[in-house]
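**Q** Give me a 3D structure for the following:
(one chain, ligands or ions: 1)
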Amino acid sequence: MSTPQVVVAMDWGGTWTRTAVIDRQGEILWQAREPNPQNGTKEEYLSNAEKLLSNAIQQAGGPVAGIGAAVAGPVEPTTGTFFQPPNLMVLDGISFKALWEEAFQVPVWVGNDANLAALGEHYFGAGKESADKGHPVKTLFYVTVSTGVGGGVVDKGSVFLGANGLTAEIGHTMVDTTVDALQCQCGARGCLEAIASGTGIERIAKQKLASGGFPDSALAALDAGLVDSEAVCDAAEKKDSLALSILEGAVSALAVGLTNVVHLFNPDMIVLGGGVTDGLVKLDLLPEIDRQIRDRAMSELHKEFQLTSARLGDSVGLAGAAALVWDQLGVER
Ligand SMILES: [Zn+2]
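**A** Okay, here's the model as predicted:
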């Protein structure tokens with residue numbers, strides 16, 4: 001029997017669960033999005049996920065080659081066990097792979113969403129675009145800069161997982177070792193995430209405004225509840241000096257983190273995604289990040305990378321989950 005032509009993909013985030021039917025070329029043939037149960041129990045989350053998957057399988061209208069799931073949190077790669085996911089703690093220790101293989105009788109693979117986003121961009125996004133132009137990507141490093149900062153690395157077509165599937169946590173690499181370095185939610189100080197994530201930018205803006213030193217900033221005129229990273233980007237677009245200086249800090253922190261990435265992994269492509277990246281792209285700040293990395297790169301060969309923005313937007317997790325299934329099945333795309 002030949003391999004079915006479609007897979008079912010799931011992207012299980014902190015707030016939403018998305019499902020899709022995707023073909024070998026990464027084309028989304030059908031998709032849906034549902035809010036997660038609010039503070040649900042383990043049973044509620046699991047039955048909701050099963051319902052969504054079974055609906056997607058029905059929508060496929062025929063046999064599916066497998067199920068791929070991208071989940072927001074650490075995943076043990078061989079058993080597909082979720083452990084200590086910060087946003088879905090009730091699901092700690094659950095193996096989706098075992099559960100869903102039993103329920104649906106198809107092979108299931110589960111991965112961390114940032115790792116799979118890297119795989120998605122490699123096969124169906126920025127990496128594919130480069131390959132189509134005759135420059136296949138060997139090592140792609142993906143960074144999502146949104147509520148948090150996460151990363152994934154794809155080397156020679158596969159996610160580089162490390163011993164426990166926990167590589168590429170660029171958000172928790174240290175970029176500030178001074179005494180007043182900001183506290184990160186991971187418990188350490190001076191992490192990239194504390195400075196460049198959406199939550200980090202918001203917190204820095206609120207602290208600066210609370211100090212009262214920026215009465216002329218457009219941000220000072222906003223209700224405190226409306227000050228977030230988007231508002232900071234909007235103000236920066238209007239040349240607000242406080243907003244610009246906060247983003248300058250985020251840009252240089254990202255450049256430090258990515259310089260370390262360049263020296264550690266020697267990527268030929270760095271892809272930046274996530275909502276904060278969208279803001280930085282609008283302000284045309286990616287070339288500045290690129291310049292700062294190149295200024296510090298230790299050799300000409302280390303500088304042979306392209307820095308680009310993600311192509312797949314909100315669909316990156318779904319695309320990556322589909323790519324994981326095709327990859328594991330050894331299917332040519
Ligand atoms: Zn941290």
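
**Q** For this structure, list the residues in contact with the ion, please.
**A** Proximity of the chain to the ion (Cβ under 5 Å from the ion) is limited to residues 172, 184, 186, 188, 191. Placement of C-beta: from N, CA and C, glycine included.

**Q** ok, of those residues, which come out buried?
**A** 172, 184, 191 (16 or more other Cβ atoms under 10 Å).

**Q** show me what contacts the nearest residue to the last one once chain neighbours are set aside?
**A** Which is C191. In space, and not counting its chain neighbours, C191 is closest to C184: 3.8 Å by Cβ to Cβ, 6 or more residues apart in numbering. Going by Cβ atoms under 8 Å, 6 or more residues apart in numbering, C184 touches 172, 190-191, 193-194.

**Q** Of those residues, which belong to helices?
**A** Among the contacts of C184, the residues falling in helices (DSSP state H) are 193-194.

**Q** will you turn the contacts of C184 into a markdown table that also has pLDDT?
**A** As requested, those are exported to a markdown table (pLDDT from 0 to 100):
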| residue | pLDDT |
| --- | --- |
| H172 | 95 |
| G190 | 97 |
| C191 | 97 |
| E193 | 97 |
| A194 | 97 |
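
**Q** Relative to L280, which of the contacts of C184 is nearest.
**A** The shortest gap between L280 and any of the contacts of C184 belongs to E193, at 15.3 Å (Cβ to Cβ).

**Q** what sits against the closest residue to that closest one other than its chain neighbours?
**A** Leaving aside its sequence neighbours, E193 sits nearest to G171 (Cβ to Cβ, 6+ apart; 3.7 Å). When contacts are counted by Cβ under 8 Å, 6+ apart, G171 touches 148-151, 191-193, 197.

**Q** which of the residues you listed has the most neighbours?
**A** V149 (31 neighbours; other Cβ atoms under 10 Å).

**Q** Could you pull up phi and psi at that residue?
**A** Here is the backbone geometry of V149 (degrees, to the nearest 10): phi -120, psi 120.
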